[in-house]
Each structure stands twice: as C-alpha cells, then as structure tokens.
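# Got a predicted model here, sequence first, then my questions.
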Amino acid sequence: MSVDSAGMAARLGIKPGMVVQELGWDEDADEDLRDAVIDLSGGEMVDEDTDEVADVVLMWWREDDGDLVDALVDAIGSLADDGVVWLLVPKSGRPGHVEPGDVTEAAPTAGLSQTSSISAAKDWSGIRLVTPKAARSRR
C-alpha cells in the first residue's frame, strides 16, 4: 500500500471501526485503494450479502455494468442513515468511463445527492453520494 493510497482512504472518510461494503469489484479495481480502506477501517470489507449496516459503500461502476439507478438503490439498502456511497468510476479516457451526466441524472432518481468528486486512484474517480437526510445532518 502506498502513502498516497492511505491518504486517499482517509479522504474517502474511512475511519477505524467503520463497516465498509464493497460492490462491483472486478480485476480492474484499484488494489492499493482497497488495501488502504481495509487497513484504515481495521476490518475486511463486506459484500452485498451482508446483514450489517454499512457506514460507507464503495461501489465500483463501469459504463457497461447495467442500470446505474437500480444499482444505487441496491447500494443504499444496507447504508446507515448518515452513510456515504462512494461511486468509483473509471477516469475519462479509460475503458468503462461513465459520463458525469449519467451520474447526475441517476443519483436523484435513486434518492441520493451528489456532494463532491475526487481523484480516488490512478484510474478511478470517486463521486460522493449521500441521502438527503445525511446531507442535512452534516450542515
């Protein structure tokens, strides 16, 4: 794990003891970022079959992965009221790149608000999505 990856996991808001759910993993996912999230949270990430309430959902998403609205609705199913979904999409010019307009359109339909975007890893952008209730509680 690189120092950059550890810092990026912290920028994602990962803290010790958090339950982090990972969705959409594939071989192209950034392993350094994944390792940093595991190290910082202090536990393995849980998958879609978990009964635990997730503080953070890391959702790897590519253009051809299906219906983004449906996937986001599924992602918030086990999310804590004040939880965050980090939608991780390939950066522009990378295979599977998702147009920003697709996210802007899908998020509110799924009941989420987009709050920020970051460069999450070498090939991945991170889009922070929260429920309107979580957005209000942070003000």
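Done, it's in.
# tell me the contacts of the residue nearest the centre of the chain?
In the chain, the C-alpha nearest the mean C-alpha coordinate belongs to residue 86, at 2.2 Å (C-alpha atoms, centre = their mean). Residue 86 is in contact with 12, 56, 57, 58, 59, 120, 126, 127, 128, 129, counting by C-beta atoms under 8 Å, 6 or more residues apart in numbering. Where you see a C-beta, it was placed from the backbone N, CA and C, and this is true even at glycine.
# residues in contact with the first one?
Same thing as residue 12. Contacts of residue 12 (C-beta under 8 Å, 6+ apart): 37, 56, 58, 86, 120, 126.
# and the residues you listed, which of them are in strands?
56, 58, 86, 120, 126 (DSSP state E).
# So which of the contacts of residue 12 is the closest to residue 106?
residue 86 (14.7 Å; C-beta to C-beta).
# Tell me what the closest one is bridged to.
residue 58, residue 128 (DSSP bridges).
# I appreciate the help and will end here.
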